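Engineer: 3D, please:
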Amino acid sequence: MKKLFILTLLIISNICNAQILQERERADIIDQILADRFNNLLPQLMDRTDFDMWILISREYNEDPVLKTMLPAKWLNARRRTILVFYRNKENNTIEHLAVARYNVGKYIDSAWDKEKQPDQWKALVDIITKRNPKKIGINYSDNFGIVDGIVKTDYEAFMNALPESYTDKVVSAEKLAIAWIETRTAQEMEMYKALVQVTHDIIKEAFSVKVIKPGTTTTDDVVWWLRQKVTDLGLNTWFHPTVDIQRFDEPLQSHIVSFSNRPNDKIIKPGDLIHCDFGITYLRLNTDCQQHAYILKNGEMAPPDFLVKAFSDGNRVQDIFTANFETGKTGNEILLKSLEEGKAEGLKPAIYTHPLGLYGHSSGPTIGMWDSQGGVPVNGDYPLYENTVYAIELNTTVTIPEWDKDIRIMLEEAGYWGKDGFRYVNERQTELITIPKRQ
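Structural biologist: Below you'll find the predicted structure:
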């Protein structure tokens, strides 16, 4: 753990100084984090969800999304058919990490298959099961949570056909355990997350500056591709193609479907425009997701107009109402509906569409609204809030602007953390409009 702590400090220092780690250093961090998750987090999650055995089965290039997060840094894919078995003996407070595979899966999952002694991989798996005699066996299938629906038809059928009949009734969906694994963040991961969000903010800050934007010349697509290239140049990845859009006084507010999926491309950015980006990065198996706004100052302007400043503060107010309703055990739908009711009672026009964030961008956990489901989201919205989880606090509020004789939409998104001490932003949030050019 001391080594992990030192590595965590190293990564925070390097990222905050825009020094992205080399691949070898990244691998060390990833593997140390996995060790902590396997040895300390996983037993807690198996106890919480009442599983004593969890089996994940994948073949090369067709990986279960959950298994993918368990592979060591040097394994970019599964090999042949990779079967992982986690066995928790709560009475003895032990956990086994086994691979029914020809190889050890990194340092922390030992190969438990000698093919020379038992040529049949499925029989080798059955031997492991029968020797431990688990009470409940979880495998990854789910009707509603795609990330945890990882077992394919052929592997499921082969597994069930190989399993003795006395064990078939013990096989159930590992949905709750798999979601818990995906959504739960450790203390070390949260230290890294803070630095990742800072990098995300710094990239947006540079994109929304005169270094990148020349009003009257630069287009929205120019900024989008600058963002993509910046991420590549830093040795990072982006988990979705960024977007940049414009709201201006002489153009009507577009519908949500246009705003989210059919934005016009290559529009020239002009003085007086309110611009907005949606941008996120992937690094060390974590993802960020951020939306911010900037205003293009007109000649002689030293600050954004007061009506835009007020509109932006309305967006912050919706954030405050929403995050104040976070409570362990509440479902996504309960949080959504209460927040919308309170926002509307204050005269706001909110829309909330927040999603879990972490090992995947649109991750597993409670869905708290969707832009086209403001009355609640069946099943996924009924999943409860747990501690040590991260969310993209994504929402908007529509504001009437008399000076422009139209409505505008303030669209915000920031990574937020829910833990035992309540809610906090992973690394702050935007509380005032960025200006281009920047004025002191």
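Engineer: And the helix ranked longest in the chain, what's buried?
Structural biologist: Within the chain, and with DSSP state H defining each element, the longest helix by residue count is helix 187-207. Within helix 187-207, the residues scored as buried using 16 or more other Cβ atoms under 10 Å are 188-190, 192-201, 203-204, 207. To be clear about C-beta, it is placed using only N, CA and C from the backbone, and glycine gets the same treatment.
Engineer: So which of the residues you listed is the closest to R409?
Structural biologist: I204 (18.4 Å; Cβ to Cβ).
Engineer: Mind pulling up the pLDDT for that closest one?
Structural biologist: Model confidence at I204, given as pLDDT, is 98.
Engineer: Which helix or which strand is home to the residue lying closest to it once chain neighbours are set aside?
Structural biologist: Take I204 and drop its neighbours on the chain: the residue closest to it by Cβ to Cβ, 6 or more residues apart in numbering is Q292, 5.4 Å away. In the assignment (DSSP states H and E), Q292 maps to strand 290-296.
Engineer: if we can go back for a sec, run the chain-centre distance for the next helix or strand after the longest helix of the chain.
Structural biologist: Remark: after helix 187-207, the chain's next helix or strand is helix 220-233, criterion DSSP H and E. Centroid separation for helix 220-233 versus its chain: 21 Å, with Cα atoms, centre = their mean, to the nearest Å.
Engineer: so how many other residues sit close to E413?
Structural biologist: Residues within reach of E413, counting by other Cβ atoms under 10 Å, total 27.
Engineer: that older thread, can you pull the contacts of the residue nearest to I204?
Structural biologist: Shown in contact with Q292 (Cβ atoms under 8 Å, 6 or more residues apart in numbering): 201, 204, 208, 276-277, 412, 430, 434.
Engineer: cool, and M302?
Structural biologist: Applying Cβ under 8 Å, 6+ apart, the residues near M302 are R439.
Engineer: and it, which of the three is it?
Structural biologist: coil (DSSP: H, G, I helix; E, B strand; the rest coil).
Engineer: Just give the closest residue to the most centrally placed residue in the chain, not the sequence neighbours.
Structural biologist: Nearest residue to the geometric centre of the chain (Cα atoms, centre = their mean): L357, 2.1 Å. Closest residue to L357 apart from its sequence neighbours, by Cβ to Cβ, 6+ apart: A392 at 4.4 Å.
Engineer: Please name every helix or strand in contact with the one helix or strand the one you found maps to.
Structural biologist: A392 is located in strand 389-401, with elements delineated by DSSP H and E. Applying 3 or more Cβ pairs under 8 Å, 6 or more residues apart in numbering; DSSP states H and E, we find strand 389-401 packed against helix 306-324, strand 350-352, strand 355-356, strand 406-419.
Engineer: These into TSV, with extra columns for distance to K117 and mean pLDDT?
Structural biologist: Output for the helices and strands packed on strand 389-401, formatted as TSV (distance: least, Cβ to Cβ, whole Å; pLDDT from 0 to 100):
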stretch	distance to K117	mean pLDDT
helix 306-324	56	98
strand 350-352	57	98
strand 355-356	43	98
strand 406-419	47	98
